[in-house]
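Undergrad: With the sequence up front, the predicted model follows.
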Amino acid sequence: MKGGWNDEKREAFGDAVIDTLCRFAPNVRGAIIHRQVLTPADMEETFGLTEGNIFHGELSLHQLFFLRPTSAWANYRTPLANLYQCGSGTHPGGGVCGAPGRLAAEQILKEHRP
Amino acid sequence: MSERYDAVLVGAGHNGLVCAAYLARAGLSILVLERREVVGGAAVTEELISGFRFDSCAHRLGQLDRRVVRDLGLGRHGLQVRRPELAVLAPVLGGERLAIWRDPERTTEEIRRHSPNDAARWSRFGAEMAPAVRFLRHVAEATPPELPPAASRDLLAYLELGLRLRLLGRREMAEIMRVLPMSAAELLDEWFASEPLRGVLAAMGVNGLFMGPRSAGTAYLLLSGLSPAAEVVRPTALVTGGMGRLTEALASAARASGARIRTGVEVERILTEKGKVSAVALSDGEEIAAARVVSNVDPKRTFLGLVEPTELDPEFVRRVRNVRTRGAFAKVHLALAELPRFDGTEGHPELLEGLIRISPSLDYLERAYDDAKYGGLSRSPYLEAVIPSVTDPTLAPTGQHAMSVYVQYAPHDLKEGSWDAGRREVLGDRVVETLSTYAPGFADTILDRHVTTPADLEEVYGLTGGCASHGEMALDQLFFMRPVPECAQYRTPIRDLYLCGAGTHPGGGVGGTAGYNAAREVLRAGKRAR
């Protein structure tokens, strides 16, 4: 964001969300007991999502499949031996599904089967 | 009914003429039918203003197919191509201009004034993109194989392409696959920081597209404007005497091989018998028998306009209707009393020998698109101008100049109103105002102007939707999907009806490869039949 996120922008954005909801469900404003606004900056700081991107890397065509997160290292391995990746940044990417974790585990077991 | 031709070509655009010339050389009796009084289609030079000759549509060459120039001996037929030392001049408001020269060292010096880092990366950018540029050129010259492969020939073609990719090296192969679906902005973000450079390169990625530099697939178009050589950007190529000289040379070559060309005759119908082409019917009722018909007009016009709907599968018709042909540009032609004075060009006419591109930043370009996205004319449009009279005095009276300006974005389909006389003037004024901010006093040097709106492009030049490439050059409309999978091999669902225009692979730009490829497929089918 131009100029960065601050408290003022955080609250203004929270207001914009409530205004939008109220256009469709007018009783929302009166029904609010408490509100929490998480900005992209909070996403980064609190949840460790770099640049606030929830997918650990945008899900655009040039960052998918054998290019995720980068070509030659799309198989959960990394340039460092015994360092692996298992998050949304790896194939098949974001969304709560667990597939990257399962595939990473398979890769590790393939290499280190006890 | 008059005599029967081995092939009748509908439309004498550059691809149609290329195709006609090759077929005539192979011994086929050929008739080319052109609706207008002049040949050339969108590659034509006309005296739009008395005493001043302009390239009405395309004002520079694309990737002109070397095979065509060589095989047809276009030089003997009068073709002269010049590639000025200066490829692109990019004026910047309140800052220093940027110029791209054929000499990479000069370009690097220009970039250095804006960003030493960008200058240091320039030649590396060219070198890293070169394998992709070369690969795309190779792909452009071949007929797209069917996918899924229908014959062993298709399978072999895919294996050959795969092998060619793999032989580039593992890293290069992955890089080509990665870059093709990107947006121009994403690609440029990885390389350059200075806005004038980003703007001028991003413009190459959106030329003729109803897309902005942040739209996916625009990196592909940017790459197709690059050169695999040290010059990085493909030199600007102009035809001496105007673009029309190219199509005149092609017509001359076709005639020399025995082809007959008739102008001022409009094909109204492509007639069939038992699912096979039999003749064409002209608007005056004349019918001309043909063993095959090759259509140079765009796929929508061909299948939705010239062929009986009952001859086509409704599913096929639906696919043709869905081909996107959203016109994004217009042309403004200006007669000038003197050369425009961009910052630093006074006394340096060599700076005006190539393209002049008004796209000072990536955001400028995206904002120009923003207006069009919602059906309006860009408030600050992207302009690509050329003043060929700087190096070709035959185009304007002595001391005066003919300037051709390509304007983007000017949507063919406006949200409000239509391309009436008032809107035409708004467009002309906007171009003059935009240029005047970069070249003070410019408006006062204009003797006369001629505006070609997107509606004119459709009506006069037959470009459906005002789309110069007969179908947008978007990723889902390329290669084996261009214009639709059923026609990607230049054949069509109707036996002996072929396509040869920009709507087929490899698409738009004055290059002639589509016509070349189509002729090869027609001749190949002929061999099989014998």
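TA: All right, it came through fine.

Undergrad: So, low pLDDT: which residues of chain B?
TA: Low-confidence segments of chain B (pLDDT under 70): B:1-2, B:529-530.

Undergrad: now with 80?
TA: Filtered on pLDDT under 80, chain B yields the residue ranges B:1-2, B:95, B:527-530.

Undergrad: So which bits of it are right by chain A?
TA: Residues of chain B lying close to chain A (C-beta under 8 Å from any C-beta of the partner chain) are B:170-171, B:174-175, B:177-182, B:186, B:216. C-beta here means a position set from N, CA and C on the backbone, and glycine is covered the same way.

Undergrad: By neighbour count, which of the residues you listed wins?
TA: Highest neighbour count within the residues of chain B next to chain A, by other C-beta atoms under 10 Å in any protein chain shown: residue B:182, with 24 neighbours.

Undergrad: and that residue, how far is that from residue B:164?
TA: Distance check for residue B:182 against residue B:164: by C-beta to C-beta, to the nearest Å, it reads 21 Å.

Undergrad: Same question for residue A:40.
TA: 43 Å.

Undergrad: One more: residue A:20?
TA: As judged by C-beta to C-beta, residue A:20 and residue B:164 stand 52 Å apart.

Undergrad: more crowded one of these two?
TA: residue B:164 (14 against 10).

Undergrad: Report the secondary structure state of the more buried one.
TA: Residue B:164 carries the three-state label helix when classified by DSSP: H, G, I helix; E, B strand; the rest coil.

Undergrad: For it, give me its contacts.
TA: Neighbour list for residue B:164: B:135, B:138 [criterion: C-beta atoms under 8 Å, 6 or more residues apart in numbering or on different chains].

Undergrad: mind listing what the closest residue in space to residue B:338 that isn't next to it in sequence touches?
TA: The shortest distance from residue B:338 to any non-neighbouring residue, by C-beta to C-beta, 6 or more residues apart in numbering or on different chains, is to residue B:445 (5.2 Å). Contacts for residue B:445 (C-beta under 8 Å, 6+ apart) come out as B:336-338, B:340.

Undergrad: Repeat that for residue B:469.
TA: B:208, B:502-503, B:507-509.

Undergrad: Try it again at 6 Å.
TA: Residue B:469 makes contact with B:208, B:502, B:507-508 under the criterion C-beta atoms under 6 Å, 6 or more residues apart in numbering or on different chains.

Undergrad: Now it: phi and psi?
TA: The phi/psi pair for residue B:469 (degrees, to the nearest 10) reads phi -100, psi 20.

Undergrad: ok, it to residue B:221 distance?
TA: With distances taken as C-beta to C-beta, residue B:469 is found 10 Å from residue B:221.

Undergrad: repeat for residue B:519
TA: The spacing between residue B:519 and residue B:221, counted by C-beta to C-beta, is 26 Å.

Undergrad: quick one: which of those two has more around it?
TA: Taking other C-beta under 10 Å, residue B:519 and residue B:221 do not tie; residue B:519 has more neighbours (27 against 24).

Undergrad: Can you say which helix or strand has that one in it?
TA: Secondary structure assigned from DSSP states H and E places residue B:519 in helix B:513-529.

Undergrad: Now that helix: buried residues?
TA: Under the neighbour-count criterion of 16 or more other C-beta atoms under 10 Å in any protein chain shown, helix B:513-529 has B:513-523, B:525-526 buried.

Undergrad: what two of the residues you listed are the furthest from one another?
TA: B:513 and B:526 (20.4 Å; C-beta to C-beta).

Undergrad: Quick one: end-to-end length of stretch B:391-403, please.
TA: 12 Å (C-alpha to C-alpha, to the nearest Å).

Undergrad: just stretch A:77-89 next, same as before
TA: Taking C-alpha to C-alpha, the first and last residues of stretch A:77-89 lie 12 Å apart.

Undergrad: Now for residue B:311: which residues touch it?
TA: Each residue near residue B:311 by C-beta under 6 Å, 6+ apart is listed here: residue B:272.
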